[in-house]
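J.: pasting the structure only:
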DNA sequence: TCCGCGGTAGACAAGTCTGTCTACCTTTAT
DNA sequence: ATAAAGGTAGACAGACTTGTCTACCGCGGA
């Protein structure tokens, strides 16, 4: 029975880490915002790092589910899905307090690749690329791994550009590029 | 006469911010590593944020110079230069303590777009895109702005992917994609 | 009725952070 | 020779950090 308290705590942690970063977000702030006592946090997690890890794990499944569902609500053809990805990204970029991808940000703040936090970020990327690859295979791309990687690069580039420049339409340019690369991959 | 002390301080700050992030890097550590007294820091900068800004400004010019020079040492044709970019990136990714792009990381840790630190990061990106655009114009691209943005997206994507996955060959996939997009832009 | 569980509130320890201040040292120019 | 400039060393204040501990509260079940 993963208590509702824990759930709510992690949810709040996700939001704050997302918005302000990991080192800049203090435990006390998360606790206050979640309306949860400190002892409750330390009953469920051994340390702040464990909470970060919990937040990343939670957001990993949640965000991938959301993204895949949003894509598949827009397109059934695998080629169109790879393009719909960028429409969904564009929507995300426009959301009020968009601050890039939690996992990218985590890998920057926890640079050591051995760090479980960094590893969790890498794993998230790997898992989502699996979904992209399924689509690349389904459209019969000559080199599906290559196309997957190219789409993934455009995706990461669009996220980062939107984060730095604050300009949501990097998703449009990425979509255009993706269309060309998909065409060329046949 | 921008003292050598200041220069060395900023240089050290660049390295440490690069490697460990901004909030995670304490003033004292920078001071110790640089072998400089605290008062010297606060004589040249009003606060840690000002030092961060100084480090970003320094690295802005330094890194753009380095990058452009490395590209132009490899190719004279503008189209080849746009491709050589990715070879240079690949080299960078393989350097020992590569931890992504300082400016991307800064924009993540200082999410507020009004923050001068975030603004400095955005400005760096804008300036380097100018160089890319010159090349895009020189090859006679139909829509040079579009090609510029596409190349920039691939660049950011390659940086981010190398940072998270630790895999330097994202630059190769990006280069392949760039070649296709350049071809298609004619 | 009474016990125990899950939670709260908040004090606390020990460390770290930025930023200020004073006292001293060393070099250079007059 | 002396004075000013620029730097060092290190103490210090005050705030903030994570993590621990104690005392209490309220509810459900035996």
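T.: Looks like it came in fine. For clarity, every value in this text was computed on a predicted model and none was experimentally measured. Residues are numbered from 1 along each chain as shown, chains lettered A, B, ... in the order given.
J.: Tell me the residues on chain A that lie near DNA strand D, please.
T.: A:25-29, A:38-39, A:42, A:47-49 (C-beta under 7 Å from any atom of the strand). C-beta coordinates here come from the backbone N, C-alpha and C atoms, glycine included.
J.: Could you rerun that using 6 Å?
T.: Residues of chain A lying near DNA strand D by C-beta under 6 Å from any atom of the strand: A:26-28, A:38-39, A:42, A:47-48.
J.: pLDDT below threshold where in chain A?
T.: A:1-2 (pLDDT under 70).
J.: which parts of it sit against DNA strand C?
T.: Residues of chain A lying near DNA strand C (C-beta under 6 Å from any atom of the strand): A:3, A:5, A:36-40, A:43.
J.: Residue A:93 and DNA strand D, how far apart?
T.: 29 Å (C-beta to the nearest atom of the strand, to the nearest Å).
J.: Show me what the helix or strand in which residue A:13 is found is packed against.
T.: In this structure, residue A:13 is located in helix A:4-20 according to DSSP states H and E. For helix A:4-20, the elements it packs on are helix A:27-34, helix A:38-44, helix A:48-72, helix A:102-109, judged by 3 or more C-beta pairs under 8 Å, 6 or more residues apart in numbering or on different chains; DSSP states H and E.
J.: orientation of it relative to helix A:102-109 in degrees?
T.: 70 degrees (axes from the mean of the first three to the mean of the last three C-alpha atoms, to 10 degrees).
J.: which SS class is residue A:98?
T.: coil (DSSP: H, G, I helix; E, B strand; the rest coil).
J.: Quick check: it touching residue A:164?
T.: No: Residue A:98 sits out of contact with residue A:164 when judged by C-beta atoms under 8 Å, with a separation of 11.6 Å.
J.: Between those two, which has more neighbouring residues?
T.: residue A:164 (25 against 17; other C-beta atoms under 10 Å in any protein chain shown).
J.: Do I have it right that that one meets residue B:103?
T.: Yes: under the criterion of C-beta under 8 Å, residue A:164 makes contact with residue B:103 at 7.0 Å.
J.: can you tell me which residues contact residue A:68?
T.: Shown in contact with residue A:68 (C-beta atoms under 8 Å, 6 or more residues apart in numbering or on different chains): residue A:131.
J.: Now do the contacts for the spatially most central residue of chain A.
T.: The residue lying closest to the centre of chain A (C-alpha atoms, centre = their mean) is residue A:101, at 5.0 Å. Counting by C-beta under 8 Å, 6+ apart, residue A:101 touches A:156, A:159, A:163.
J.: for residue A:21, same thing?
T.: A:105, A:109, B:23, B:108-109, B:111.
J.: for residue A:144, same thing?
T.: A:133, A:136-137.
J.: Report the spatially closest residue to residue A:90, excluding sequence-adjacent ones.
T.: With C-beta to C-beta, 6 or more residues apart in numbering or on different chains as the criterion, residue A:90 has its nearest non-adjacent residue at 3.5 Å, and that residue is residue A:171.
J.: Report the separation between that neighbour and DNA strand C.
T.: 36 Å.
J.: what's the burial count for that residue?
T.: Residue A:171, neighbours per other C-beta under 10 Å, totals 26.
J.: On the three-state scheme, it is what?
T.: helix.
J.: Please report how far it lies from residue B:88.
T.: 27 Å (C-beta to C-beta, to the nearest Å).
J.: likewise residue A:180?
T.: With distances taken as C-beta to C-beta, residue A:180 is found 24 Å from residue B:88.
J.: Highest neighbour count among the residues of chain A next to DNA strand D?
T.: Going by other C-beta under 10 Å, residue A:48 tops these with 17 neighbours.
J.: my read: that residue touches residue A:29, true?
T.: No: Residue A:48 is beyond contact range of residue A:29, at 11.6 Å (criterion: C-beta under 8 Å).
J.: tell me the two of the residues of chain A next to DNA strand C that are most distant?
T.: Across those, the longest distance by C-beta to C-beta is 15.5 Å; it joins A:3 and A:38.
J.: okay, now residue A:155: neighbour count?
T.: By other C-beta under 10 Å, neighbour count at residue A:155 equals 26.
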